[in-house]
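Mind folding the following:
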Amino acid sequence: MFAALALAATSPLAAQPAAENTSLQVMTWNIRYDNANDGVDRWRNRRDWVAEIILREKVDLAGFQEVLAGQFHDLQERLPEFASYGAGRNDGKQQGEMSPIFYRKERFELLDKGTFWLSTTPEEIGSKGWDAALPRIASWLKLQDRQTKESLTVLNTHFDHQGTKARRASAELIVKQVREKFATLPLIFIGDLNSLPDSAAYETLAAKGTDDLPLLRDAYVAAKSKEGPDSTWNGFKKIVPGSRIDYLFATRQWDIEKLSTLTDQRDGRFPSDHLPIVCRLSLRK
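Sure, this is the predicted structure:
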């Protein structure tokens, strides 16, 4: 018996380590800005819960929207395993809402970062575009995966809530930036687009109506499996069917394995007025 055990231990098959899981768990979530008029739903009553969900889902990368500086710091304190980058839309620093990206420090090395404005002058800090009610931004990171040694880009944004032209033009700007600035690496694009799947903004991103393969694929459509509702909006009251306005898109280098729209509630309350999306992706071999 001893000889048989020794033989098994030294065989090539037995010596191989277990296959390493190289898929990524990616989240996008509008966490609702810290509004004193939200009463019981104000941020200070939700921040621990939000962090608990992020950790529970074993997220590797996360992009958030409507994040004020205080909320950004709250998340940094509650997510010590993550590094992060965010810029305020008013001054490129701390003023105004951010669209920050958090990434697990053990998994990724930061290569580059930046923010541009959704306007005709994307490099102009605080610039407002088209018929938008407010300045809007997109923040991005280039990261190297320490496990696979592959590099990737993550792009996070929040389109305007009023300007129809601004949403369409913002989508056109995103496509232009992906083609011209980020084309060399696999890319994940996440955000609150304030747009339904039948909108011009969505169709611009998904390249509907063309003979070409789309540059960006909607993970909700392309996922091999999905769970949860067809909506990401609840208004702190109830999930509104057919109100899918938060998205994860990915370039064709990615296999989109599973998408989940989370529906956490406690005593009839939600952790935000939007539902978070969590998606598992892996780079194609």
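
Find the residue closest to residue 216 in space, skipping its chain neighbours.
Excluding its sequence neighbours, the residue lying closest to residue 216 (Cβ to Cβ, 6 or more residues apart in numbering) is residue 249, at 3.9 Å. Heads up, the C-betas are built off the backbone N, CA and C, glycines and all.

and that neighbour, bridged to which residues?
Judged by DSSP bridges, the bridge partners of residue 249 are residue 189, residue 218.

what do you get for the one 5 residues further on?
According to DSSP bridges, the residues that bridge with residue 254 are residue 283.

Kindly report the same for the one 4 residues further on.
Applying DSSP bridges to residue 258 yields these beta-bridge partners: residue 225, residue 280.

Quick check: the gap between it and residue 219.
Applying Cβ to Cβ, to the nearest Å, the value for residue 258 to residue 219 is 9 Å.

What of residue 63?
13 Å.

Please apply the same query to residue 42.
According to Cβ to Cβ, residue 42 stands 31 Å off from residue 219.

With neighbour numbers in mind, choose between the two.
In terms of neighbours (other Cβ atoms under 10 Å), residue 219 is the more surrounded of residue 42 and residue 219; the figures are 26 against 14.

re the thing from before, if I look at the residue nearest to residue 216, how far off is residue 201?
With distances taken as Cβ to Cβ, residue 249 is found 12 Å from residue 201.

more neighbours, those two?
Neighbours per residue (other Cβ under 10 Å) separate residue 249 from residue 201, with residue 249 holding more: 28 against 24.

Could you give the number of residues near residue 272?
As a burial measure, residue 272 scores 23 neighbours (other Cβ under 10 Å).

residue contacts, it?
Counting by Cβ atoms under 8 Å, 6 or more residues apart in numbering, residue 272 touches 29, 30, 31, 32, 46, 50.

tell me the secondary structure for it?
Under DSSP: H, G, I helix; E, B strand; the rest coil, the three-state class of residue 272 is coil.

what does residue 167 give?
Under three-state DSSP, residue 167 falls in the helix class.

Now do the same contact list for the nearest residue to residue 223 once chain neighbours are set aside.
With Cβ to Cβ, 6+ apart as the criterion, residue 223 has its nearest non-adjacent residue at 4.0 Å, and that residue is residue 259. By Cβ under 8 Å, 6+ apart, the residues touching residue 259 are 219, 220, 223, 225, 226, 227, 228, 248, 277, 278, 279, 280.

Nearest to residue 117, out of those: which one, please.
Ranked by distance to residue 117 (Cβ to Cβ), the contacts of residue 259 are led by residue 248 at 22.1 Å.
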